[in-house]
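Undergrad: let me see the structure of the following:
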Amino acid sequence: MQNYVFVIDQNKQPLNPIPPARARELLTKQKAAVFRMYPFTLILKHVVDNLAPRPLVIKLDPGSRFTGIAVLDQDKVIWAAELEHRGWQIKDSLESRRSLRRSRRNRKTRYRQPRFDNRKRPQGWLPPSLMHRVLTVETWVKRLCLYSPIIQIAMELVKFDTHKMQNPEVDGVEYQQGELTGYEVREYLLQKWGRKCAYCDKENAPLQVEHIHPRSKGGSNRVSNLTLSCERCNAKKGVKLVDEFLKKDPVRLERIKRQAKQPLKDAAAVNATRWELFRTLKNILPTTTGTGGQTKFNRTRSCLEKQHWIDAACVGNIETIKLLTQQPLRIKCTGWGTRQMCGTDSYGFPTRHRERKQVHFGFKTGDIIKAVVLSGKKVGEYVGRVLCRKTGSFDIVTKAGRIAGISYRFCTPIQQKDGYSYGF
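TA: The predicted model follows:
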């Protein structure tokens, strides 16, 4: 089952999304044309009077690396996507630029006095790597509002309580009461340990929260002392020390100890951006919120698998949910390129220079194209992002990998560069 297709009329007013079969019928009868490929949108060749589309709700599951997006018509999920952020790439790029600038300043202006007093950050400032997550989600909410009659936003107001993670038995917290007991800590452990047994790598089985250092021998309830194990390994380990239990497998022992001390970077990123994202979305449409424990409870009660877009669909208060799509759109943030004109090696010495001309033979790096090669070694049909060269020999990044040496003569544009790559 594929996503429903967005439809707008001749005046670009959003209408009700339609099933793929109905979209094919409109295209065959030439009553509509393709307006945009990603997300796939049709534009009718006439104006629709008395617009009264059914109101839709967009739900979001914000995360550090991925954000789940789901568009719902009452209790039916008709469109879904998973948005992959590039916050860590931005952080690495900023650190690289910082080291190059610092090296240059040390060489050129080693006696310059530091000027720290005249640098002041505005109220509510977030680092670019974190603000990127807010802006990309805002971009896609606004984009979907252009193509569908969305009237409300529901987002998971994620809060990773770090104090709660250090001691899961703290009382007085709302999600520790009733049916949602332990859901927040357990969900964090599932993410941290890859949803498999730490001792035997068993997947798709009931997992139990296990103390690495047994409580009977002085172990604590801190999250750094918790892991996941299957019932068999948990019973086999019992009250043994982890060094004794895994003495015949030193590689796994070292990995468990290292992963147990893994920092809470992802949790910190979500905590830092959650309120800024809420305020941003609130300025677009009325916004409601739900907790992470509530999302997992809804997903578990509906017997749905763990995916980002399914988590988004389960946000908030729901009774039932129907998935009319099983193929979410994969959206990856790629950025708009770089303004750096001179590329350097690891020591900061220039190795390459970029031309100012960006358009070659009518194509620009980042455009999504379709290439049909009928002869030669690269016979086949390729769809993906293009890397342009002035020689006319392009590279295409497809789902299967990167295909090099495709002539521009075989290429047909599908969608202009917009800072994202797409797939299913």
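
Undergrad: after the host helix or strand of residue 68, next one along is what?
TA: Using DSSP states H and E, residue 68 maps to strand 66-73. Using DSSP H and E, the helix or strand that follows strand 66-73 in sequence is strand 76-84.

Undergrad: okay, buried residues for that next one please.
TA: For strand 76-84, the neighbour count (16 or more other CB atoms under 10 Å) marks 76, 77, 78, 79, 80, 81, 82, 83, 84 as buried. C-beta: built from backbone N, CA, C; applies to glycine.

Undergrad: stretch 225-241 too?
TA: So stretch 225-241, judged by 16+ other CB under 10 Å, has buried residues 225, 226, 227, 228, 229, 230, 233, 234, 237.

Undergrad: what of stretch 44-61?
TA: 44, 53, 56, 57, 58, 59, 60, 61.

Undergrad: stretch 8-19 too?
TA: 8, 9, 14, 15, 16, 17, 18.

Undergrad: nearest to residue 250 among these?
TA: Relative to residue 250, the closest of the buried residues of stretch 8-19 is residue 17; by CB to CB it sits at 55.1 Å.

Undergrad: and the buried residues of stretch 44-61 as TSV, adding distance to residue 345, secondary structure and pLDDT?
TA: Converted to TSV, the buried residues of stretch 44-61 look like this (distance: CB to CB, whole Å; DSSP: H, G, I helix; E, B strand; the rest coil; pLDDT from 0 to 100):
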residue	distance to residue 345	secondary structure	pLDDT
44	54	strand	94
53	55	coil	87
56	51	strand	94
57	50	strand	95
58	45	strand	96
59	46	strand	95
60	41	strand	94
61	40	strand	92
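
Undergrad: OK, contacts around the nearest residue to residue 36 once chain neighbours are set aside?
TA: Distances taken as CB to CB, 6 or more residues apart in numbering put residue 415 closest to residue 36, at 6.9 Å, once the chain neighbours are dropped. Going by CB atoms under 8 Å, 6 or more residues apart in numbering, residue 415 touches 36, 37, 38, 367, 368.

Undergrad: for the strand holding residue 68, name the packing helices and strands.
TA: In terms of contacts (3 or more CB pairs under 8 Å, 6 or more residues apart in numbering; DSSP states H and E), strand 66-73 is packed against strand 56-61, strand 76-84, helix 128-147, helix 308-313.

Undergrad: wait, which of the ones you listed is closest to residue 401?
TA: Between the helices and strands packed on strand 66-73, strand 76-84 lies closest to residue 401; by CB to CB that is 17.5 Å.

Undergrad: on that earlier part again, what about the buried residues of stretch 225-241, which are in strands?
TA: Using DSSP state E, the members of the buried residues of stretch 225-241 that fall within strands are 226, 227, 228, 229, 230.

Undergrad: which stretches in the stretch 151-300 of the chain count as strands?
TA: Secondary structure of the stretch 151-300 of the chain (DSSP state E, counting those that start in this stretch): strands at 207-211, 226-230, 287-290.

Undergrad: is it possible to get a markdown table of these that adds distance to residue 152 and mean pLDDT?
TA: Converted to a markdown table, the strands of the stretch 151-300 of the chain look like this (distance: least, CB to CB, whole Å; pLDDT from 0 to 100):
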| stretch | distance to residue 152 | mean pLDDT |
| --- | --- | --- |
| strand 207-211 | 35 | 88 |
| strand 226-230 | 36 | 89 |
| strand 287-290 | 7 | 90 |
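
Undergrad: residue nearest the middle of the protein, spatially speaking?
TA: Geometric centre of the chain, nearest residue: residue 66, 2.0 Å, by CA atoms, centre = their mean.

Undergrad: could you tell me how many residues sit around the closest residue to that residue other than its chain neighbours?
TA: Distance criterion CB to CB, 6+ apart; nearest residue to residue 66, sequence neighbours excluded, is residue 308 at 4.8 Å. Number of residues near residue 308 (other CB atoms under 10 Å) recorded here: 22.

Undergrad: domain map for this structure?
TA: The record's domain parsing of the chain by automatic domain parsing lists 1-91+128-155+271-333, 162-171+179-260, 342-423.

Undergrad: next, residue 421: phi, psi?
TA: The phi/psi pair for residue 421 (degrees, to the nearest 10) reads phi -120, psi 150.

Undergrad: how about the strands in the stretch 301-424 of the chain?
TA: Under DSSP E, counting those that start in this stretch, the stretch 301-424 of the chain gives strands at 322-323, 329-333, 342-344, 350-353, 359-360, 363-364, 368-373, 380-387, 393-397, 402-407, 411-415, 420-423.

Undergrad: pull the residues that contact the fifth one.
TA: To tie it back to what came earlier, the one meant is strand 359-360. Outside strand 359-360, the residues touching it (CB under 8 Å, 6+ apart) are 388, 389, 390, 392, 408.
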